[in-house]
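> A structural model of the following input is requested.
(chains A and B)
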There are 2 protein chains.
Amino acid sequence: MNLLNDIASDHPQAVSFAAGRPYEEFFRVEQLHDYLGTFVTHLTEVVGLTDEEARRTVFQYGRTKGVIHDLVARYLEIDEGITVDPDAVVVTVGSQEAMFLTLRSLRVSPQDVVLAVTPTYFGLTGAARLLDMPVLDVGDGDGGLDLVDLEHQVAAARARGQRPRALYLVPDFSNPTGVSLDLATRTALLDLAADLDLLIIEDNPYGLFHADPGTRPPTLKALDTRRQVVYVGSFAKTGLPGARVGFVVADQPVVRDGRTAGTLAEQLSLIKSNVTLNTSPVAQAVIGGKLLRHGCSMLAANKREIEVYRANLRRMLAGLTARFGATGSVTWNTPAGGFFVVLTVPFTVDDRSLHRSARDHGVIWTPMHHFHTGMTSSHQIRLSFSLLDDASIDEGLDRLTAFVTAEAQAFGHSA
Amino acid sequence: MNLLNDIASDHPQAVSFAAGRPYEEFFRVEQLHDYLGTFVTHLTEVVGLTDEEARRTVFQYGRTKGVIHDLVARYLEIDEGITVDPDAVVVTVGSQEAMFLTLRSLRVSPQDVVLAVTPTYFGLTGAARLLDMPVLDVGDGDGGLDLVDLEHQVAAARARGQRPRALYLVPDFSNPTGVSLDLATRTALLDLAADLDLLIIEDNPYGLFHADPGTRPPTLKALDTRRQVVYVGSFAKTGLPGARVGFVVADQPVVRDGRTAGTLAEQLSLIKSNVTLNTSPVAQAVIGGKLLRHGCSMLAANKREIEVYRANLRRMLAGLTARFGATGSVTWNTPAGGFFVVLTVPFTVDDRSLHRSARDHGVIWTPMHHFHTGMTSSHQIRLSFSLLDDASIDEGLDRLTAFVTAEAQAFGHSA
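Below you'll find the predicted structure:
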């Protein structure tokens, strides 16, 4: 979001709860060399390529669907319990391109629409806008998804002559709400989507960041026995953002003129060849090397980061309780992991409030209305805690308290 | 092209004149480490970033318009005599994304169309097809561009109610024909485009590969005094394909509701944020390091490669003369550089001919009809010589001669 970048650069001393970036204190330039070297060695020693073939794999134009698809499939098996044919994996320039390609493939005519659980990550709505594809909101209800509303929206769209193709959602630690679907809702969603003949686009950038991994429910794709789920993955949070490597698993058979015409992955690959041609094999090699260094487990690779996120979430929730627990008028949710907490305040929040918060109180956050199409204000704030250390969290929450107190007084509410 | 990949993998022993890939014998894995290290050192020692800031530049999400825009601007100044504000540069995932973003920005309504000199690189027609944007053919005449036809096509489109937005062309060693525009045609094109109120999309992947650099005319962008030219650049041939780094220079002011609303580069950046978000900073660092290693000159960086391309072109032309010079019925053009020569044969060439050539004669090439919308055959063949050594060229031309002889006999022509 350009607004947030502008405000951050205007107020360099502000504590930022805005950026949804992974923790960066463990980054080392040497890792890039190590990962690249590890991947090239893997190509020669395990895959059995000659030195020349290995060099060609990394240096030349590559396979459109990617060169680390087999490692991605192993990672999905190990970390997510998802079993897929590596040929159904398309490695993309981040999950953004994965969403873009998927929407483009589903948008065959102007009647095609996509549904999205609201509030919605703006990468999805932005991609749909570029494709002139309407996005229909589905309520998030109490548990992260209102299934009754989903059924209603699909029926209403069909009555208008639209063709609902898919439901987009982030079932694990949603961006922006941090909420996760429970197992019963996941199962019910898969059944309902089958009844409604609707694909599900499952976007899962935060799934590995559970504060208590033992209680994490399976992904929709792991539960998918009917090939209903197009799974969008990202290595921006678990690998490194600067590689810009994501992927999509699209094992759906494509039927054209009554006959099967390959898989959706092959169709996405054709579209990709006209958008970016390939995902940089150099960047893929970096992610491939990181996977190989940790037995294809990003859970293992992110042990230290996961501990930071868990501690930060705990500190955020305790800090909010200490500061706002007695007010009654300021509330927040309690996610089980991820990068985000949502704060609800007794006054209207818009972009001007954010400017005041940055200027007068030195704290930045994301106004929630940016995740709702057509809204310009709300009573909610997204707080991201992934990039911060203890002192910044404490200082940031103190400043946030000062902001909330000032706004509540100015607008005649008690906080 | 999947067809060519399939044929190549079915016939691994065939000599391939098909792949438009850069020469790869000088690739070394150590170069990746060297380039990455050089770029990071540049960030700390020249730009003045702290180690932490330098790491963040390479590892984290980055500026949507890129992190090597200043180096790209210096390269354009040094190698191409093009002076641009670095802020007008958008670093992209190869030139393919640059074309895609540019077309998307120009396609505001279904009336918007793009013109392209035919035969046309299929990356352009593929991107336009994804955007439901019609591509109107403009003849290439004798010198690479038929200006009378351009004027005629624009008038005809306007009479139909269409809105021609831009002309796409590769003025230097066009893909597929290898032909370059002379200076007079370049100047005349810029004047005519101004009269017609038409942007020019100049795609220049091969410009540095002139067999006699002293005689190379300036690019259209270097001659552009009216900001008519959107310049698409690629580091796939001069840097390394596996980085997937290209760029677009878009210094045009954008007018909306009668007021200037930033530059086209800013608009492309907004679109990019919904397609790929960023171009991998790791991949940009590799290209940035290669630029820095050679004083921001890709001409300097490619000294050895340019010598190979020059020698290969000479050997191709001499080899064609030796084999077909006396036939009269087999002809070819004589490009001044680049990667491609076009052969014209006295029989029809289609994908089945290519299959026969691969199977019976062990030689692969690109049927020219793939560069013409709607055509399924022609009398022409694109021969690429960028990836080959002397022995392969000689052997490939011998096999090609056998193929041409056999086809000419089978179809009743003399060759």
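> Doesn't A:Asp137 belong to a helix?
No. Under DSSP: H, G, I helix; E, B strand; the rest coil, A:Asp137 sits outside any helix and is assigned strand.
> Which residues does it form beta bridges with?
Going by DSSP bridges, A:Asp137 is paired in beta bridges with A:Ala116.
> Counting by contacts, list what the helix or strand of chain A at the bottom of the mean pLDDT ranking packs against.
Lowest mean confidence among the helices and strands of chain A (mean pLDDT, DSSP states H and E): helix A:2-10, at a mean of 85. When contacts are defined as 3 or more C-beta pairs under 8 Å, 6 or more residues apart in numbering or on different chains; DSSP states H and E, helix A:2-10 sits against helix A:351-356, strand A:363-364. In short, each C-beta sits where N, CA and C put it, glycine included.
> Can you list the buried residues in it?
Neighbour-count burial for helix A:2-10 flags A:4, A:7 (criterion: 16 or more other C-beta atoms under 10 Å in any protein chain shown).
> Would you mind identifying the next helix or strand past it?
Sequence order places strand A:15-16 as the next helix or strand after helix A:2-10, per DSSP states H and E.
> chain center to that following strand, what's the gap?
Strand A:15-16 has its C-alpha centroid displaced from the chain centroid by 21 Å (C-alpha atoms, centre = their mean, to the nearest Å).
> Mind listing the strands that strand pairs with, and their directions?
Paired neighbours of strand A:15-16 in the sheet (DSSP bridges): strand A:363-364 (parallel).
> The next helix or strand after the strand it pairs with near chain B anywhere?
Once strand A:363-364 ends, the next helix or strand along the chain (criterion: DSSP H and E) is strand A:366-367. No. Strand A:366-367 is not in contact with chain B by C-beta under 8 Å from any C-beta of the partner chain; minimum separation 14.8 Å.
> Any idea how far strand A:366-367 is from the middle of the chain?
Computed by C-alpha atoms, centre = their mean, the chain-centroid distance of strand A:366-367 equals 17 Å.
> Paired strands for that strand, with orientation please.
Sheet pairing here is set by DSSP bridges, and for strand A:366-367 it gives strand A:378-384 (antiparallel).
> Tell me what angle the very next helix or strand once past the partner strand forms with strand A:378-384.
Using DSSP H and E, the helix or strand that follows strand A:378-384 in sequence is helix A:390-410. With axes from the mean of the first three to the mean of the last three C-alpha atoms, to 10 degrees applied, the angle from helix A:390-410 to strand A:378-384 works out at 170 degrees.
> Outside of helix A:390-410 itself, list whatever touches it.
A:15-17, A:311-312, A:315-316, A:319-320, A:323-324, A:329-330, A:343, A:345-347, A:353, A:356-357, A:360-363, A:365, A:383, A:385, A:388, A:414-415 (C-beta atoms under 8 Å, 6 or more residues apart in numbering or on different chains).
> what's the average pLDDT for it?
Mean pLDDT, computed over helix A:390-410, is 96.
> any idea how far stretch A:47-62 is from the chain center?
Relative to the mean C-alpha coordinate of its chain, stretch A:47-62 is positioned 32 Å out (C-alpha atoms, centre = their mean).
> so does it get close to chain B?
Yes. For stretch A:47-62 and chain B, the contact criterion (C-beta under 8 Å from any C-beta) is met by A:54-56, A:58-62.
> quick one on the thing from earlier: are any of the contacts of helix A:390-410 buried, and which?
Neighbour-count burial (16+ other C-beta under 10 Å) is assigned, among these, to A:15-17, A:312, A:315-316, A:319-320, A:323-324, A:330, A:343, A:345-347, A:353, A:357, A:361-363, A:365, A:383, A:385, A:388, A:415.
> My guess is A:Val254 contacts A:Gln267. True?
Yes. The pair A:Val254 / A:Gln267 is scored as a contact, 5.6 Å apart, by C-beta atoms under 8 Å.
> Comparing the two, which shows the higher neighbour count?
A:Gln267 (21 against 15; other C-beta atoms under 10 Å in any protein chain shown).
> Now that one. Its backbone dihedrals?
With angles defined as degrees, to the nearest 10, A:Gln267 sits at phi -70, psi -40.
> if we look at stretch A:65-74, which residues are touching it?
A:39, A:57-58, A:84-87, A:89-92, A:233, A:245, A:247, A:265, A:269, A:272, A:278-279, A:281, A:284-285, A:287-288, A:291-292, A:296.
> tell me which residues in that stretch are buried?
Buried, per 16+ other C-beta under 10 Å, within stretch A:65-74: A:65-69, A:71-74.
> If we only consider those residues, which is nearest to chain B?
Of all the buried residues of stretch A:65-74, chain B sits closest to A:Val67, with 9.2 Å by C-beta to the nearest C-beta.
> Is the helix or strand hosting A:Leu270 in proximity to chain B?
Assigned by DSSP H and E, A:Leu270 belongs to helix A:264-273. Yes. Interface with chain B: helix A:264-273 contributes A:271, A:273 (C-beta under 8 Å from any C-beta).
> Show me the contact partners of that helix.
By C-beta under 8 Å, 6+ apart, helix A:264-273 touches A:64-65, A:87-90, A:92, A:97, A:101-102, A:104-105, A:230, A:248-254, B:126, B:130.
> how much does that helix deviate in direction from helix B:2-10?
Using the same axes, to 10 degrees, one finds that helix A:264-273 and helix B:2-10 are set 110 degrees apart in direction.
> Show me what counts as buried in helix A:264-273.
Neighbour-count burial for helix A:264-273 [16+ other C-beta under 10 Å]: A:264-269, A:271-273.
> now swap in stretch A:53-62 and tell me
For stretch A:53-62, a neighbour-count test (16+ other C-beta under 10 Å) marks A:54-62 as buried.
> Need the max-distance pair from these.
Maximum pairwise distance in those, criterion C-beta to C-beta, is 15.3 Å, between A:Ala54 and A:Tyr61.
> Show me which strand runs longest in chain A.
strand A:340-349 (DSSP state E).
> tell me what that strand is packed against?
helix A:303-324, strand A:331-332, strand A:378-384, helix A:390-410.
> on contacts alone, who are the packing partners of the shortest one?
Just to be clear, that refers to strand A:331-332. Packing partners of strand A:331-332 (3+ C-beta pairs under 8 Å, 6+ apart): helix A:303-324, strand A:340-349.
> Parallel or antiparallel, list what pairs with that strand.
strand A:340-349 (antiparallel).
> relative to helix A:303-324, how tilted is the partner strand?
Following the same axes, to 10 degrees, one obtains 30 degrees for the angle between strand A:340-349 and helix A:303-324.
> Convert the C-alpha atoms of strand A:340-349 to CSV, please.
Listed next in CSV are the C-alpha coordinates belonging to strand A:340-349 (Å, rounded to 0.1, in the frame of the first residue of the first chain):
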residue,chain,number,x,y,z
PHE,A,340,-2.2,-10.0,12.9
VAL,A,341,-4.5,-8.8,15.7
VAL,A,342,-7.6,-6.7,15.1
LEU,A,343,-8.4,-3.9,17.5
THR,A,344,-12.0,-2.4,17.6
VAL,A,345,-12.2,1.1,19.0
PRO,A,346,-15.2,3.3,20.0
PHE,A,347,-14.6,5.9,17.3
THR,A,348,-14.4,6.1,13.5
VAL,A,349,-11.0,5.2,12.0
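> Off-centre distance for that strand?
That offset, for strand A:340-349, works out to 21 Å (C-alpha atoms, centre = their mean).
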